[in-house]
Structure formats: C-alpha cells, structure tokens
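Asker: Any chance you can model this:
(2 chains)
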Amino acid sequence: EAGVTQSPTHLIKTRGQQATLRCSPISGHTSVYWYQQALGLGLQFLLWYDEGEERNRGNFPPRFSGRQFPNYSSELNVNALELEDSALYLCASSFGKAGGSDTQYFGPGTRLTVL
Amino acid sequence: KNQVEQSPQSLIILEGKNCTLQCNYTVSPFSNLRWYKQDTGRGPVSLTIMTFSENTKSNGRYTATLDADTKQSSLHITASQLSDSASYICVVSAVWGSQGNLIFGKGTKLSVKP
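Answerer: Here you go, the predicted model:
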C-alpha cells in the first residue's frame, strides 16, 4: 500500500513569489493535514482538510492557503513568499475519525527554500 | 498556554544501552498523547498513542508511559540500535475543537553510537 506522497521534494523560490506544494493521502484516508517544520523548531500545524473542506487552521497568515480535491489529494499555496517561510512542509493523512484519536501518517515532506 | 516540553534536547548513547526521553505538557483539556520518530529529512512515524485512561503502551523496544495527573510522559528505548538514531517527538492533542489541535514538542535528538 502506497504511503502519503508529496511533491516536489525540493522547491527553490525567491521572495515575493508563490509556491504550490502537493500531497496525496493514503488510499481510504479523507483527512489531510499540513505542517511547517522550520529549522530548530517543532512542527507547527498549518491546515486541516476533511471531505473537501477546511476544518481548522493554525496561527498562520492568510497567505498560507490550500484546498482539498474530490480525490482527497491536497494543495498548499504560499503567496508572497518571505525568507522565514523556508522550512520542511509535511503533509499527513488519516481516516478523519472524530476526537483526534486516529493516527496521522506523514509524507516525506517538501523542502522549501526562499532566497 | 498549551505547551509541550521535551527533555533532554539531545542525547548520545552507546549501542545496546537503554534510554528514557521525557515529555511534560500543559495542554488542557487533554485528549491523547503520541510519540513519533522522525529520521533526518523524513516525515515522522507514529510509535505510540495513549488516551487519558492508558498509562503504558509498548511497540517493540519502545515503551511509552503516561501520568495524566502530573502531565508527564516518557518514552523508554530498550537495547538501542544504530537505527534508533532520530528525533523523537511528543505530541499532545486537546479535546477542544477537533482534529488539528495538536501541540508538538520540539523533539529529542537521539544519537546511538557503535
């Protein structure tokens, strides 16, 4: 069974540009989560999508946005890139059970570098 | 403020030795606590998940404990192997809101030396 996949593996952009990151969840999972892991910091929750809708978002500015497609894959968009957006962006998926008790499975991440 | 603190920040042990990693949290109300292993440059992999009523859970050589009264958890690794070298992340979920309200610790970086 294929795990969570993310693309691209690496992405280099310059300040002010836009970045688009993609995630495909494990088959059967309806929930997709996005996290940012900056160097030296813990994972920070960005967004949660379930059944095509945004269910929750973390403490990030509106230039971080995304969507979930009918096939449950997801896209994270970061507009007006800033140097501090350089980080590993991780996507996770789960069955989306209520209560947060199910396990999230993480993808390998996309390393975004902003120059 | 909801926080998850892990200690030590880093740890070096010899292959075959045991070690214990600590996690203290102030998240309230509490739903569950998870331990993840993250190899360098890879996504985290779940090791254990414990709810309020569970005080110990094992996964092979990994044993996690939870004291919900003192809001402390530990991850004990037995007979360490070189492949155990990784960051170990403690994650606490709060019952308020819904999924996505996970608070991550900064992790403990474990290095196992031959």
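
Asker: quick one: low-confidence parts of chain B?
Answerer: Across chain B, the stretches falling below the confidence threshold (pLDDT under 70) are B:95-101.

Asker: Sketch out the helices for it, chain order is fine.
Answerer: Per DSSP state H, chain B has no helices. Nothing in it meets that criterion.

Asker: all strands of it, in order?
Answerer: B:4-7, B:10-14, B:19-25, B:30-38, B:45-51, B:56-59, B:62-67, B:72-77, B:86-94, B:102-104, B:108-113 (DSSP state E).

Asker: Which stretch among those strands approaches A:R15 most closely?
Answerer: Nearest to A:R15, of all the strands of chain B, is strand B:102-104, at 27.2 Å by Cβ to Cβ. Quick note: C-beta positions are derived from backbone N, CA and C, even for glycine.

Asker: close to chain A, is that closest one?
Answerer: Yes - shown here: strand B:102-104 in contact with chain A (Cβ under 8 Å from any Cβ of the partner chain) through B:102, B:104.

Asker: neighbouring strands for that strand, and are they parallel or not?
Answerer: Under the criterion DSSP bridges, strand B:102-104 sits next to strand B:86-94 (antiparallel) in its sheet.

Asker: Taking strand B:19-25 as reference, get the angle to the strand it pairs with.
Answerer: Taking axes from the mean of the first three to the mean of the last three Cα atoms, to 10 degrees, one finds strand B:86-94 and strand B:19-25 inclined to each other by 30 degrees.

Asker: just for chain A, where's the confidence low?
Answerer: Low-confidence segments of chain A, defined by pLDDT under 70, are located at A:1, A:97-102.

Asker: Make JSON lines from the strands of chain B and add mean neighbour count and distance to A:A38 to it.
Answerer: As requested, those are arranged in JSON lines below (neighbours: other Cβ atoms under 10 Å in any protein chain shown; distance: least, Cβ to Cβ, whole Å):
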{"stretch": "strand B:4-7", "mean neighbour count": "18", "distance to A:A38": "17"}
{"stretch": "strand B:10-14", "mean neighbour count": "13", "distance to A:A38": "18"}
{"stretch": "strand B:19-25", "mean neighbour count": "19", "distance to A:A38": "21"}
{"stretch": "strand B:30-38", "mean neighbour count": "22", "distance to A:A38": "14"}
{"stretch": "strand B:45-51", "mean neighbour count": "18", "distance to A:A38": "20"}
{"stretch": "strand B:56-59", "mean neighbour count": "14", "distance to A:A38": "28"}
{"stretch": "strand B:62-67", "mean neighbour count": "18", "distance to A:A38": "26"}
{"stretch": "strand B:72-77", "mean neighbour count": "20", "distance to A:A38": "24"}
{"stretch": "strand B:86-94", "mean neighbour count": "23", "distance to A:A38": "14"}
{"stretch": "strand B:102-104", "mean neighbour count": "21", "distance to A:A38": "12"}
{"stretch": "strand B:108-113", "mean neighbour count": "17", "distance to A:A38": "16"}
